[in-house]
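K.L.:
Sharing a model that was predicted from the sequence below.
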Amino acid sequence: MWRLAPVPVPALALLLLLLLHLDAVDSSDGFEGLDSLAEACSAFDAHAPRVVIGCWQILERHADEEEAVRTLSAYAAAGFTTFDTADIYGRSEAVLGKLRSAGVEPVVHTKFVTGEEGEGAARAVNERSRRALGGVPELVAFHWWDNEDPRFVQAAHHLTTLRDEGKLGQVAACNFDLPHLKAMVAAGVPVVSNQVQYSLLDRRPENGMVAYARKHGIRLATFGVVAGGLLSDTWLEKPAPSREQLSTVSQRMYFSPLNRWTGGDWGLFQKLLRTLRGLADKHGNTSVANVASAWVLRQLGADGGWVILGVRDTKHLAEHSALLGVELDDEDEAAIRAVLAEGHPPKGCIWSHERGLA
C-alpha cells in the first residue's frame, strides 16, 4: 500500500496555466495533445487486455521466488499473460524476470513512481526495471506523489522520451484524478491508460473519469475490484469484523470505502452480497467475486480497459479463468444499482480521500 511522502508546498502558477487548456482538450479534435493521444491509443488497441494479473502481493505470504514463478507460470498457461508490477513492489519485477527466464514471455505493465521531475530519475527507474525484467516493459504507468506540485507534466514527458528511445512500450498514468489527467493530455503526454481504484464499493471513477476516458480512448486499468476479498462469498452472512479480523493490508484498505458507501451499515453490505450471490447463481453458479469483477468490466465496456486481479498463489486460478464467461445483463445491472442507491453516492475523484481532499 502506498503512502504519501511529504513534499514542499509548490508554486501553483504552472498548474493553473495548464488547466487553462482543459476546455480545448474537451472540444477540439485538432488539439496537439489529443493528436498525440489518439495515435498512442490506436497503437495500443491490439494489445489491450481484459484481465491483468497483479503482482504487488505475490511474495506477501512467503519469500519463495521460485514458488511465485510457478504461480505466475500457471496463470500464463491458463491464458493470463499480462502482469501488473512496479519497481516499488519489492522483488516483483525480478520474479517476472525469472518467469521470462523460465520460458514464459510476459506482457509487463510496470510503473514510474516519483516526486522528482528530473530526467535522471526516470532513466534510473527504467534501467532498474529493464534489468530486473530482462526486457522492455510494454507499459509504464506514471504515479506522482503530490498533485499540487505542477512539475508532474515535466516528469511525465521523460517517459515519452524513453518510449521514443525504445526503452518502454506505452506511457500510462496511475491514480491521476480528472483535472490532472486532462492537464497531462493537454501537454501532449500520450497516456493510453489510467490505473484507478474502481469497485462496487468505490465508484469515484463515475464522477467524470469513466466518461472522459471513454471519449478519448484512454483505458482504465482498475484495481480493488473485489476490495481485497471483501466482495466475495467469504463475507456473506458474516458479522461485521473487527480491525483485527481484517487479515490483509488490502482488506484494511478497502474497508474504508465500504464504510463510506454504507455509512457504517453492515446490513446494507450484506444486502449487496446477497444480491451478488443471487446473480452468481443465475450465471452458472459462479462466485460473488466474479460477479463484482464482471460488473466493473461492464462499466468499462468492451474496449474501455481491464481489471487487475492480485494473486499470491493459484488458489483462485479456476475462479479467475471463469470470469470472462460471466456477462451481466440490464436486469442484473438494475438489481445491483438498486442496492447501491441505498448507500451514499461516490464523493470526490480518483485518490481524493487518500490525498486528504474529500
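P.N.:
Yes, it's here.
K.L.:
Confirm for me that Val104 is in contact with Ala74.
P.N.:
No: Val104 lies out of contact with Ala74 (CB atoms under 8 Å); the separation is 10.2 Å. Where C-beta positions appear, they are placed from N, C-alpha and C, glycine not excepted.
K.L.:
Where is the longest helix in this structure?
P.N.:
If you go by DSSP state H, the chain has its longest helix at helix 266-282.
K.L.:
can you list contacts of that one?
P.N.:
The list of residues contacting helix 266-282 from outside it, by CB atoms under 8 Å, 6 or more residues apart in numbering, reads 200, 231, 233, 235-237, 239-240, 258, 261-262, 286-288, 290-292, 328, 332, 335-336, 339-340, 342-343.
K.L.:
what comes into contact with the very next helix or strand once past that helix?
P.N.:
Tracing the chain past helix 266-282, the next element assigned as helix or strand by DSSP states H and E is helix 288-300. Identification of contacts with helix 288-300 by CB under 8 Å, 6+ apart yields 50, 198-200, 206, 210, 219-220, 222, 225-227, 229, 231-233, 236, 273, 276-277, 279-280, 283, 306-307, 309, 316, 319, 322-323, 326-328, 333, 336.
K.L.:
Next: stretch 83-90.
P.N.:
Looking at what lies outside stretch 83-90 - CB under 8 Å, 6+ apart - the contacts are 2, 52-56, 59, 72, 92-93, 96, 106-111, 113, 125, 128-129, 132, 195, 221, 223, 308.
K.L.:
which SS class is Ile308?
P.N.:
Judged by DSSP: H, G, I helix; E, B strand; the rest coil, the three-state class of Ile308 is strand.
K.L.:
pLDDT at it, what is it?
P.N.:
On pLDDT, Ile308 comes in at 98.
K.L.:
Neighbours of it, how many?
P.N.:
Using other CB atoms under 10 Å, Ile308 has 22 neighbouring residues.
K.L.:
Could you measure from it over to Ser250?
P.N.:
Going from Ile308 to Ser250 by CB to CB, to the nearest Å gives 12 Å.
K.L.:
Kindly report the same for Pro345.
P.N.:
24 Å.
K.L.:
try Arg274
P.N.:
Distance from Arg274 to Ser250, counting by CB to CB: 23 Å.
K.L.:
Looking at the two, which one has more neighbours?
P.N.:
Each of Arg274 and Ser250 has its neighbours counted (other CB under 10 Å); Ser250 has more, 21 against 14.
K.L.:
now the helices for the stretch 101-250 of the chain?
P.N.:
119-133, 152-164, 178-186, 209-216, 249-262 (DSSP state H, counting those that start in this stretch).
K.L.:
Can you tell me which of those helices is most buried?
P.N.:
Mean neighbour count (mean count of other CB atoms under 10 Å) peaks for helix 178-186 among the helices of the stretch 101-250 of the chain, with a mean of 23.
K.L.:
Summarise which helices and strands that helix is packed against.
P.N.:
helix 13-19, helix 22-27, helix 32-44, helix 152-164, strand 191-197, helix 209-216 (3 or more CB pairs under 8 Å, 6 or more residues apart in numbering; DSSP states H and E).
K.L.:
Phi and psi next, for Gly166.
P.N.:
Here is the backbone geometry of Gly166 (degrees, to the nearest 10): phi 80, psi 20.
K.L.:
got a list of what it touches?
P.N.:
Here Gly166 is in contact with Val136 (criterion: CB under 8 Å, 6+ apart).
K.L.:
Over to Val113?
P.N.:
Going by CB under 8 Å, 6+ apart, Val113 touches 2, 86-88, 125, 143, 145, 174.
K.L.:
Which pLDDT does the model give it?
P.N.:
For Val113, the pLDDT comes out at 97.
K.L.:
ok so, going back, report the buried members of the contacts of helix 288-300.
P.N.:
198-200, 210, 219-220, 222, 225-227, 229, 231-232, 273, 276-277, 279-280, 283, 306-307, 309, 316, 323, 326, 328, 336 (16 or more other CB atoms under 10 Å).
K.L.:
re the thing from before, Serialize the helices of the stretch 101-250 of the chain to a markdown table and add fields for distance to Leu357 and mean pLDDT.
P.N.:
What follows is the helices of the stretch 101-250 of the chain, written out as a markdown table (distance: least, CB to CB, whole Å; pLDDT from 0 to 100):
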| stretch | distance to Leu357 | mean pLDDT |
| --- | --- | --- |
| helix 119-133 | 25 | 98 |
| helix 152-164 | 16 | 97 |
| helix 178-186 | 11 | 96 |
| helix 209-216 | 15 | 97 |
| helix 249-262 | 14 | 95 |
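K.L.:
Tabulate the ones you listed in TSV, adding columns for distance to Glu65.
P.N.:
Formatted as TSV, the helices of the stretch 101-250 of the chain follow (distance: least, CB to CB, whole Å):
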stretch	distance to Glu65
helix 119-133	12
helix 152-164	27
helix 178-186	35
helix 209-216	35
helix 249-262	20
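K.L.:
Relative to Asp64, which of those is closest?
P.N.:
The closest of the helices of the stretch 101-250 of the chain to Asp64 is helix 119-133. By CB to CB, the value is 17.6 Å.
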